[in-house]
Every structure is written in C-alpha cells, then in structure tokens.
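K.L.:
coords please:
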Amino acid sequence: MRSAVLRLFGRFSLVVCSRPVSLGNREAALLAILALGDGVAISRSRVAGILWPDSSESRARANLSTAIWRAKAAVARHGFDNEVLLSDASQVWLDTQHLWVDVQEFRKGAITKLGQLLDLETLGRAVASMELYAGDLLQDWDYEWCVLERESLRELYLRTAEAVVDGFERRHRWDIALRCARKAIQIDPYREQLQRAVVRLLLRSGDRATALAQVSRFARLMRREFDTELDDSIFDLFHVARGSHSHGFSAGGNPVEHCDFPPMQQLPLVGRLAERQYLLATLEKARNGAGTGVFITGDAGVGKTRLLNWFLEEWAASGGITRRGRCAEFSRPLAYYPIGDLLGIEFAEKHGTQPVEITRGVSTEDDQGEAGVERCVRRDFAQVMSKVEALTVERPTLVVIEDVQWADDQTIDLVTFLYGTG
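P.N.:
Numbers count the residues shown, from 1 in each chain. Presented below is the predicted three-dimensional model:
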C-alpha cells in the first residue's frame, strides 16, 4: 500500500508514513472533494464555490489558496517526500500515484449492473470493495455535497452486495452468500431485497426456524419504523422451499420457476473435510502474509477440479486476487505456456515458444557457457517472482497452474523456484 492513505468511509482519516495527519475542517473537506472526484483536476473556482458558497469569488479563492498551503504544510511536516496535493494557477488535484484512497479503490471493484453471471475474479474484487466500506461516507459531516455522495455510495455498496449474494448463491455457496447478505443489512436493514435473500438462503440451508425468525424481525421493524406490513409474497419463499427441498429444484430435478430462487451453476461439494480444512488453513496463512504453496493431485475423475473451485470460491469470499494459467497438451511442450495466462504475454513473447529460447538473454562474455545460461535463467525467474510479488501489493494473490502433468521442463523449474522462494 502507498505511504499516504486517505479514508473517507466512516470518519475522515489521513495517514502519512504510518502517522495520522491533523487537518482543519476546510483542509479535510478540500481533500475529500478532490478524492471523490477520483483525483481528476478541478478548477479552483469550482472547489472554492463548494467550500465557501456564501463568500464572494475572490474571497473564496483566497481562502482556497490558504487551505491548499495549510494542507501541503501538514503533510510535509510528516517527512513525506511526495506532495499529496498538487495545484497550479487554475486547478487543484490529488497525486493518486502516491496517495491511496478508499473510495477510489471501492469504486474499482463495485458492481453497477445486476442480473449478470459473475466470475470468481469479479466476485473477489467486489468482496474486497465491500470490506473497504467501513461505514457511510464521512458519517459525521453534514455538508450538502457530502450527503449526496453518501447516498450514492451507499446505494453502490448495496447493489454490489446484492450482486455478490446472487453470484455465490448461484454457485451453491449459501454459507458465503448468507454472510455477505447479513453484513449488508447491517448497513441498510430496510432493504427488502437483502432481507428476502437472507430468508431464502436460510431456507436453502434447511434452517426454517431461523428464516421465520428473520421474517418476524423484519416485519416488526417495518411496522415500527414505517407503520406498514410486509407483502405476503415473502411467505411464498417458504412454499417454494418446501416443494423443492430447499434447493431450488423440484423432486424431478428441474429448476423451480420462481424469481426468488436463482438457478444453480453447480452442485455443492460433498465430503473432502480434511482437504478443505487444510486449504482453509493455507488461506489464513496467506492472509496473514505467509506465502505458501499446495499441490492438488489424484487420479482422473476423483474431484480435483471441484475441490479447487471450492477453494477459489473461499479465496474470492476473502477478497483475494486469483491468477490462473493452464498447461496444454501439445505434441511438443511449449516453454512457459501457462506463464502467459498468469502475467500477460510479455514473458512468453520474450522467450518465444521454444524451450531453447530461454537462453536468448545471454549477451555478455561472462554469461556464455552452461554457467552463464543458468545465471540468465535465474535472472528471468527473479523477474517473474518480482511480477508475482507486485500483484500482492494491494491484496493477497492466489496463483493457480492447472494440468501440471502437461507442463514443460522450464515451467516445472519455474514453479519449483516460485514455491521455494514464496
């Protein structure tokens, strides 16, 4: 993470070089306005008009100049080499290359369109975005511009939560979907879509008593706050679940035609308790900064892919990033074939598709011969390692290489190197 961190969810916080920065109200509001604009340069007149709406333009611009100077001085006192706040005669903006902003990171992974099938990478980024939402935007500020942004970001959070719940539910991961739904209704307990999701997921899990209690609590809440009764349609969930054994499928195996029970993308994973516990322990180690590796082996058809997918779902639910590469069966192995999937085509292009092309980096007299080739290979491996480490700067990253039985010798050596240095 960058050395300067600006958080706007919950309460305003600016931390530079691990030390909190104390700012006046106007200086903090200035940074917040610029951050909500995703770091795009904004004219001085516009910012001044927002911060000092009751002052003349000349007085407002003068106040803005003072606020800019004070904010820069406050950051400089912490020994930060780079300026967080930049300005010229007509505009002012934030240096987002050196400043991490929670709202900007949240927007990157948030989901704006509902009803789409989401892959695990998208779900993982969405979960990471949800984790950044530590509370409503600048919850103790009552500026008009802040109130409007607050409502917009809250709606974006809730829509993202609904999409994440739907995505994991379609994958038959009711446990993950239920956790996400319950977390979201803490932000907005009146959101009927999320309340219905909690009830539906409890029913799918076979917990009818808790589902009924959830409906009862929601009914009391709506009656107390809005003097209104729940629509009877929420109780239809119980009828559908009873006829489908709480799985969204009829006794004949056909999907139940009901909009509240989205179709499943896969069947649940059964068994493999020891393997799942081991993988969860590995996940926890990675989240705590201890890199490691796991080999999933077994005969064809024993369920390796299903176990891997289960783990990828758990990884996505933790907000982790996944990079996947697949080895392919060719008549002649292609060197570093899965690396192109993991890191883009740069590495594969550099070394081509022939195993011998790994030695093309040899250019100096000291690098000639077998020892020189080995030094070049190690340098290339170190470059790949640095690229993998770069992926983990913001969030933990899971690197998956599938069908290793088809891998070429160079890829095997590279995987061994990465595993040994992780």
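K.L.:
Low-confidence stretches in the chain?
P.N.:
Scanning the chain for pLDDT under 70 picks out 1-2, 81, 239-268, 270, 331-335, 340-341, 343-374, 376-377, 391-394, 420-422.
K.L.:
According to the record, where do the domains of it fall?
P.N.:
4-103, 154-243, 273-421 (automatic domain parsing).
K.L.:
just so I know, which of those domains lies nearest residue 139?
P.N.:
domain 4-103 (6.1 Å; C-beta to C-beta). For every residue, glycine as well, the C-beta is placed using N, CA and C.
K.L.:
Just the buried positions in stretch 111-131, please.
P.N.:
Going by neighbour count (16 or more other C-beta atoms under 10 Å), the buried part of stretch 111-131 is 111, 118, 120, 122-130.
K.L.:
If you could redo that for stretch 206-214, that was the one I meant.
P.N.:
207, 211, 214.
K.L.:
Quick check: the first one vs residue 175, distance?
P.N.:
Residue 207 sits 11 Å away from residue 175 when distances are taken as C-beta to C-beta, to the nearest Å.
K.L.:
which neighbours do those two share?
P.N.:
Residues touching both residue 207 and residue 175 (C-beta atoms under 8 Å, 6 or more residues apart in numbering): none.
K.L.:
so which strand or helix has the residue nearest to the spatial centre of the chain?
P.N.:
Closest residue to the average C-alpha location of the chain: residue 125 at 2.3 Å, with C-alpha atoms, centre = their mean. Element membership of residue 125 [criterion: DSSP states H and E] is helix 120-132.
K.L.:
Only C-alpha atoms, please: export that helix in CSV.
P.N.:
The C-alpha trace of helix 120-132 is given here as CSV (Å, rounded to 0.1, in the frame of the first residue of the first chain):
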residue,chain,number,x,y,z
LEU,A,120,-14.7,-15.5,-9.3
GLU,A,121,-12.3,-12.8,-10.1
THR,A,122,-15.1,-10.2,-10.3
LEU,A,123,-16.7,-11.6,-7.1
GLY,A,124,-13.3,-11.4,-5.3
ARG,A,125,-12.8,-7.8,-6.3
ALA,A,126,-16.4,-7.0,-5.2
VAL,A,127,-15.9,-8.6,-1.8
ALA,A,128,-12.7,-6.6,-1.4
SER,A,129,-14.6,-3.4,-2.2
MET,A,130,-17.3,-4.3,0.4
GLU,A,131,-14.6,-4.7,3.0
LEU,A,132,-13.5,-1.2,2.4
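K.L.:
Now tell me what touches that helix from outside.
P.N.:
With C-beta under 8 Å, 6+ apart as the test, helix 120-132 has contacts from 9, 102, 105-111, 118, 157, 160-161, 163-164, 167-168, 180, 183-184, 312-313, 315-322, 395.
K.L.:
go with 7 Å
P.N.:
9, 102, 105-106, 109-111, 157, 160-161, 163-164, 167-168, 312-313, 315-317, 319-322, 395 (C-beta atoms under 7 Å, 6 or more residues apart in numbering).
K.L.:
What residues of the longest helix belonging to the chain count as buried?
P.N.:
Ranked by residue count under DSSP state H, the longest helix found in the chain is helix 144-170. For helix 144-170, the neighbour count (16+ other C-beta under 10 Å) marks 146, 149-150, 153-154, 156-170 as buried.
K.L.:
what angle do that helix and helix 120-132 make?
P.N.:
Orientation note: helix 144-170 sits at an angle of 140 degrees relative to helix 120-132 (axes from the mean of the first three to the mean of the last three C-alpha atoms, to 10 degrees).
K.L.:
Show me what helix 144-170 packs onto, helices and strands only.
P.N.:
For helix 144-170, the packing partners by 3 or more C-beta pairs under 7 Å, 6 or more residues apart in numbering; DSSP states H and E come out as helix 120-132, helix 174-187, helix 192-204.
K.L.:
Just the residues contacting stretch 212-226, thanks.
P.N.:
Taking C-beta under 7 Å, 6+ apart as the rule, stretch 212-226 contacts 189, 195, 198-199, 202, 228-230, 234.
K.L.:
Taking those, please make a ChimeraX selection of just the buried ones.
P.N.:
Selection of buried members from the contacts of stretch 212-226 for ChimeraX, criterion 16+ other C-beta under 10 Å:
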select :195,198,199,202,230,234
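K.L.:
And the contacts of stretch 212-226, which is closest to residue 272?
P.N.:
Closest to residue 272, out of all of the contacts of stretch 212-226 and judged by C-beta to C-beta, is residue 202, at 24.5 Å.
K.L.:
my read: that closest one touches residue 210, true?
P.N.:
Yes. Between residue 202 and residue 210 there is a contact at 5.1 Å, judged by C-beta atoms under 7 Å.
K.L.:
burial of residue 17, as a residue count?
P.N.:
13 (other C-beta atoms under 10 Å).
K.L.:
do residue 55 as well
P.N.:
Residues near residue 55, counting by other C-beta under 10 Å: 14.
K.L.:
again, but for residue 299
P.N.:
7.
K.L.:
What are the phi and psi values at it?
P.N.:
Main-chain torsions, residue 299, degrees, to the nearest 10: phi -70, psi 160.
K.L.:
Next step: the contacts of helix 120-132 restricted to strands.
P.N.:
321-322 (DSSP state E).
K.L.:
Remind me which helix or strand residue 324 belongs to.
P.N.:
Going by DSSP H and E, residue 324 is in strand 321-326.
K.L.:
Measure how that strand sits relative to helix 120-132, angle-wise.
P.N.:
Using the same axes, to 10 degrees: strand 321-326 against helix 120-132 is 170 degrees.
K.L.:
Strand 321-326 packs against which elements?
P.N.:
On a contact count with 3+ C-beta pairs under 7 Å, 6+ apart, strand 321-326 meets helix 120-132, helix 337-343, strand 397-402.
K.L.:
what about these, which gets the closest to residue 36?
P.N.:
helix 120-132 (14.4 Å).
K.L.:
now the closest one, how far from the chain's geometric center?
P.N.:
3 Å (C-alpha atoms, centre = their mean, to the nearest Å).
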